[in-house]
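> Need coordinates for the below:
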Amino acid sequence: MNKRFSLKKTIVYILLISAAVISLLPLYWVFSTSVQLSSYQDEELDRPTSYVNANPPKMFPVGIPEYFEHWGKAREAEKIGDTEQEAYHRDVMDKIVTDMFSGFKRLFQQNNMGMWFINSLYIGVVVTIGILLFDSMAGYVLAKKKFPGRNFIFWLIISTMMIPSQVTLVPMFIMIRDLNLMDTHWALILPDLSMVFGVFLMRQFMFSIPDELLEAAKIDGASEWKTYWSIVLPLARPGLAALGIFTFMNVWNSFLWPIIVLNSAKLYTLPVGLKTLQDANLADFKLLMSGAAIASIPMIIVFIFFQRHFVKGLTLGGVKE
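The predicted structure follows:
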C-alpha cells in the first residue's frame, strides 16, 4: 500500500515538475537571450554572427562561462605577478559584461523605455487600487447586506461577463472622445476602475467572514465605513491579494485599448512601446528580448511577494452562500 502510494506520489511530482519546466522555459529563453553575447567570429562564414541566431541555438548565455574562464586566468596571472596578462584578461571580462548587457543599455538610451515603464507602473498601481476598493465594496454589500433584488443585481452584473470586450470598444471609444480624454492616461484608468470578475471574487470571499464579527462591530457603535475599513478589509487580505495580482497582470499586459486611445510616444505603456520597438527593430532579437525581460520583472516580483495570499485567496474564495 505504501509502495503504491509512493509510486503514485512520485509520478505526480514528476508530471508537476515537468509541467513547471515547460511553463518556465519561455521565460528562461527570454532572459537567456537578453544577456547573450551580441556576436562571435564564425570560422566557416568568417564574419560576426549573432549568438541569438546561432544554429544550433545556445540555451545558456555564452558570456558567463567565458567570463569565469578569463577570471580564473586573471587570478593565475595575479599570483605569478604577470600584470600584463592580468590586465588583458580583466579587460576582456569588462568587455564581456558590457556586451552581455548592451541590449538593456541601448533599450534605455535609444528609446523611451524608462518612461514607458513608469507609465505602465503608474497606471497599473492606480487601477489596481481602484478595483480593490470599489470591487471589495460591491462584494461586501452583495454578500453581507440583505435587500430586495440582491441576487438579481448580482447575476445581472455577472451576465455582463458574457459580452465580448471587443463589442464595447466602439461605444467606449466614443465616450472617451466625447469626454476629451483621448491621448491621456485617464482614458486607460477610468474605464478599468471596476471589474466584474473582481466583484464576483470578492463577493465569494466575503461569505467566509463570520456575520458575528459584523454584528459585534455594529453593537459597539461602529459605522458602516468603520466596519468595512477596520474589520472587513483586514480579513479580506488574501482575497484582495489574489484580485490585486489578477488586476495588475491584466493592466500591465493590456495592449489593444492603449494602442487605440494613445497617440503620443511619451504616454505609451510598456506593451505598446515594445510593439513600436519591434516594428523598428524587427531583426534585433537581443534588444526585443531585453525589453520583454524588463516587462516581465514586475509581474515576477508581485507574484513572489503575494503568492501565499494569492493561493489562500483562491481557495477561500470558493466558499458558497
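
> As a check, name the ranges of all strands in this structure.
Taking DSSP state E as the test, the strands found in the chain are 40-42, 47-49.

> neighbours around residue 279, how many?
Other residues near residue 279 number 8, with proximity taken as other CB atoms under 10 Å. For every residue, glycine as well, the C-beta is placed using N, CA and C.

> With residue 294 instead?
Per other CB under 10 Å, the neighbour tally for residue 294 reads 21.

> Please look at it and residue 114 and confirm they touch.
No. Distance between residue 294 and residue 114: 9.8 Å, which falls outside the contact criterion (CB atoms under 8 Å).

> Just list the residues touching residue 295, thanks.
The contact partners of residue 295, by CB atoms under 8 Å, 6 or more residues apart in numbering, come to 252, 270-271, 274.

> could you give me the average pLDDT of stretch 249-266?
Averaged across stretch 249-266, the pLDDT comes to 91.

> Endpoint to endpoint, that stretch covers what distance?
Its start and end residues considered, stretch 249-266 measures 22 Å (CA to CA, to the nearest Å).

> do the same with stretch 226-245
26 Å.

> In that stretch, which residues are buried?
Neighbour-count burial for stretch 226-245, with 16 or more other CB atoms under 10 Å as criterion, is recorded at 227-228, 231-233, 236, 238-245.

> swap in stretch 86-104?
Neighbour-count burial for stretch 86-104, with 16+ other CB under 10 Å as criterion, is recorded at 86, 89-90, 92-93, 96, 99-100, 102-104.

> Take those and lay them out in CSV including distance to residue 213 and pLDDT.
As requested, these are arranged in CSV below (distance: CB to CB, whole Å; pLDDT from 0 to 100):
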residue, distance to residue 213, pLDDT
86, 69, 85
89, 67, 85
90, 64, 86
92, 66, 84
93, 61, 85
96, 60, 84
99, 60, 84
100, 55, 85
102, 57, 84
103, 53, 84
104, 50, 87
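
> Show only the entries of those found in helices.
Secondary structure assignment by DSSP state H places 86, 89-90, 92-93, 96, 99-100, 102-104 of the buried residues of stretch 86-104 in helices.

> follow-up on the earlier one: mind putting the buried residues of stretch 226-245 in TSV, distance to residue 151 and pLDDT included?
Converted to TSV, the buried residues of stretch 226-245 look like this (distance: CB to CB, whole Å; pLDDT from 0 to 100):
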residue	distance to residue 151	pLDDT
227	22	89
228	21	88
231	24	89
232	20	91
233	24	89
236	21	88
238	25	83
239	20	85
240	24	89
241	27	85
242	24	85
243	22	89
244	27	89
245	28	86
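
> With respect to residue 19, which of those residues is nearest?
Top of the list for closeness to residue 19, among the buried residues of stretch 226-245 and by CB to CB, is residue 245 at 20.2 Å.

> Tell me how far the closest residue to residue 261 other than its chain neighbours lies from residue 292.
Take residue 261 and drop its neighbours on the chain: the residue closest to it by CB to CB, 6 or more residues apart in numbering is residue 187, 4.1 Å away. Taking CB to CB, to the nearest Å as the criterion, residue 187 is separated from residue 292 by 25 Å.

> Done for today, thanks.
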